[in-house]
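In: what follows is a predicted structure for the sequence shown.
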Amino acid sequence: MSARWSRQRPVGASVTGQRLAIAAAREASVAAALAMVGRGGNAMDAAVAAGFVAGVIEPMETTLAGSGFMMVQAEGATHCVEFGPRAPLAARADMFSIDSARMLDAGLGVSVVEHDANTQGVLAAGVPATMPGLCLALARFGRLPLATVLQPAITAAYDGFPADAYFALEALAHLAALRADPAASAIFLRDGLPPAVPHLGTATLGAAQMIRQPMLGRSLEILAAQGVEAAIGGEIAQGLLATHRSLGGLLTAEDLHQAPCIRAPLTLDLGGGFVACLPDAPSGGVTVLQMLAILRGLGPASSRNLLFAGWHAFADRYHWLGDPERVPVPMRELLAPDYIAAIVAGIATGKAPPFPRPGEGPPWEAFARRALRNPYAGEAPHWAPLSATEEVAGTTHVSVMDGEGMAVSLTHTAANHFGAKVVCPRTGLLLDAAMGWFNACPGAANSIAGGKRPLANMAPALLLKDGAAHAAIGAPGGRRIIPAVASLLRQMADGADAGTAIATPRVDGSGDAALLDEALIETAEMLRGEGIPVRLVAREHAPYGYELARPMIAALNATGGLEAAADPFSTGFAAAL
């Protein structure tokens with residue numbers, strides 16, 4: 001006899017309105033967006049205000065000296081604002097030494113870099129691009145002056161944000177690295193320790209300590225007064241360069257002039273609509289599209305189909321993807337109908353999922369060395385790194401739509417929790433850890449080179465129906481972003497509303513086991529019966545859990561109004577006017 005199970009079920013996952021819908025990780029980011037609408041702003045003004053605030057109050061996830069991508073539907077067309085991660089021009093393929101004697105965590109067996117130099121310390125930092133990228137997007141698509149849009153972020157920097165339990169746990173997890181940098185320690189720690197948190201309830205047992213960043217507030221005031229040039233060649237830029245020089249970093253003035261750009265997206269017909277993703281930049285876009293193409297061939301977007309689509313798309317991702325400006329990347333070949341059909345046929349006939357062989361390590365290491373299949377019609381490039389490191393995490397997302405049809409999906413990041421754990425004392429800017437996205441071994445498509453763009457997981461997307469934006473979707477969550485975004489796009493293309501889609505139990509097939517929401521225990525038992533390793537993700541409502549990503553949606557609803565939804569299984573905020 002089979003047992004019957006009862007699990008937590010989210011209620012009220014979305015809100016509706018007519019003028020604006022927004023979903024973001026933090027309440028202050030949502031409030032900044034709503035304030036812009038009150039000043040006559042549009043969805044872009046709202047998204048950029050929220051994005052700047054996130055860069056101040058989420059150092060565990062992102063930084064204004066980081067990188068990101070934005071998808072925009074405006075003026076009857078779809079655009080991608082690219083301000084993605086990039087290595088300094090002085091970077092080299094062999095700049096980090098692999099520490100093969102160490103484990104990333106118990107039992108995983110991933111090679112890591114000696115002294116974690118690719119994820120902490122000044123050499124981990126890539127070219128800062130978030131401020132120029134957000135300024136470019138605002139100038140092109142926004143209505144309000146930069147100084148107006150920056151005001152909530154300036155206020156947040158001076159007034160501070162409360163150090164909650166998640167902040168304290170992240171500070172504890174990275175305590176040694178934060179202590180090692182005087183500026184980071186002074187801002188994020190208290191006498192060398194994480195801030196004490198009233199963990200049994202701030203409503204009755206005291207207020208959380210505030211994390212104030214006056215130097216960052218001053219830099220934002222400079223940006224507001226002088227414009228984006230301050231971050232490229234002016235006072236902010238000079239402060240960053242001086243800090244890199246003093247700490248032995250690689251950043252140069254030439255690096256800072258590698259400007260963000262606006263490009264046309266990649267698109268895919270889902271049957272119920274078109275999805276628009278990031279174009280050729282090395283990101284999550286092509287993997288999202290490959291998953292969706294496989295799902296389209298398989299039929300229903302069942303949990304099992306989502307898992308198998310993920311395992312196949314990620315095996316290709318780990319081997320073939322890199323910066324197409326520097327190495328050959330089979331972007332179109334990976335989406336070619338014949339190639340997708342071959343994958344679909346293998347799944348449909350019961351072929352086992354593509355897991356690493358014994359002794360090969362985790363998928364990102366095994367498939368970095370060994371191609372699962374050749375997408376090229378002829379000879380393919382040969383990629384044979386000795387090892388690979390797991391992609392780092394630490395990201396935020398904002399989804400916005402307004403009543404005039406503009407939609408914005410914005411993801412930006414520090415590339416790791418607290419970025420490089422180094423704060424520039426001259427500007428208050430936290431350095432990112434973009435170098436951690438590269439394969440630290442030479443010989444891979446995604447190996448390090450000067451000026452090269454690493455393979456990042458960010459995957460902001462738009463769903464289009466009848467030529468207009470239907471939904472803006474994205475998520476934080478490292479590599480788990482990609483399966484989450486693909487699943488939501490498939491559901492909404494099939495007619496689900498934002499609240500229903502985001503409350504549907506999710507799965508993830510990006511690693512060496514099936515990750516399933518605990519509500520899917522019957523599916524887990526079926527997969528175990530097929531010999532597939534399964535791990536259930538408990539709904540413990542960890543404030544900022546990454547196991548199945550934390551998606552955010554802004555969308556049209558069935559009545560033509562706007563709907564916003566934030567992940568109901570972790571902390572997120574949605575609002576509508």
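Out: Sure, I can see it.
In: only C-alpha atoms for contact and neighbour calcs from this point on.
Out: OK.
In: if we go by neighbour counts, what in stretch 348-360 is buried?
Out: For stretch 348-360, burial by neighbour count (16 or more other C-alpha atoms under 10 Å) applies to P353, P354, F355, P356, E360.
In: measure the last one to R369 for me?
Out: Computed as C-alpha to C-alpha, to the nearest Å, the E360 to R369 distance reads 9 Å.
In: lowest-confidence entry in the buried residues of stretch 348-360?
Out: Comparing pLDDT over those, the lowest score belongs to E360 (89).
In: and the two most separated of the buried residues of stretch 348-360?
Out: Spanning the widest gap among the buried residues of stretch 348-360 are P353 and E360, at 15.4 Å by C-alpha to C-alpha.
In: contacting residues for the spatially most central residue of the chain?
Out: Geometric centre of the chain, nearest residue: M458, 3.8 Å, by C-alpha atoms, centre = their mean. Contacts for M458 (C-alpha atoms under 8 Å, 6 or more residues apart in numbering) come out as G68, F69, S283, G284, G285, T411, H412, A475, P476, G478, I481, I482.
In: next one: Q213
Out: Here Q213 is in contact with A157, Y158, G160, I187, G428 (C-alpha under 8 Å, 6+ apart).
In: by neighbour count, which of those residues wins?
Out: When neighbours are counted by other C-alpha atoms under 10 Å, G428 leads the contacts of Q213 with 27 neighbours.
In: helix, strand or coil for the residue lying closest to it once chain neighbours are set aside?
Out: Using C-alpha to C-alpha, 6 or more residues apart in numbering and skipping the chain neighbours, the partner closest in space to G428 is L216 (4.2 Å). Put simply, L216 is helix when judged by DSSP: H, G, I helix; E, B strand; the rest coil.
In: I222 versus L216, what's the distance?
Out: 10 Å.
In: do I482 as well
Out: I482 is 36 Å from I222, by C-alpha to C-alpha.
In: so between the two, which is more surrounded?
Out: Taking neighbours as other C-alpha under 10 Å, I482 and I222 compare with I482 leading, 32 against 18.
In: how far away is the more buried one from A564?
Out: 20 Å.
In: can you check T504 too?
Out: Taken as C-alpha to C-alpha, the span from T504 to A564 is 15 Å.
In: before we move on, the earlier item: among the contacts of M458, name the buried ones.
Out: G68, F69, S283, G284, G285, T411, H412, A475, P476, G478, I481, I482.
In: in helices, which of these appear?
Out: G285, I481, I482 (DSSP state H).
In: how far away is N305 from T63?
Out: 36 Å.
In: same check, this time on A21
Out: Applying C-alpha to C-alpha to A21 and T63 gives a distance of 24 Å.
In: can you list the weak-confidence ranges in the stretch 351-500 of the chain?
Out: Along the stretch 351-500 of the chain, segments meeting pLDDT under 70 span 389-392.
In: make it 90
Out: 359-362, 364-365, 378, 384-394, 441 (pLDDT under 90).
In: what about the strands in it?
Out: Using DSSP state E, counting those that start in this stretch, the strands of the stretch 351-500 of the chain run over residues 395-402, 407-413, 461-465, 468-474.
In: so what are the sheet partners of the shortest one and their directions?
Out: Spelled out, that is strand 461-465. Take DSSP bridges as the rule and strand 461-465 pairs in its sheet with strand 274-277 (antiparallel), strand 468-474 (antiparallel).
In: check the first one too.
Out: Here the strand partners of strand 395-402, with direction, are listed using DSSP bridges: strand 20-24 (antiparallel), strand 407-413 (antiparallel).
In: with distance to L335 as added columns, please give those strands in TSV.
Out: As requested, those are arranged in TSV below (distance: least, C-alpha to C-alpha, whole Å):
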stretch	distance to L335
strand 20-24	30
strand 407-413	23
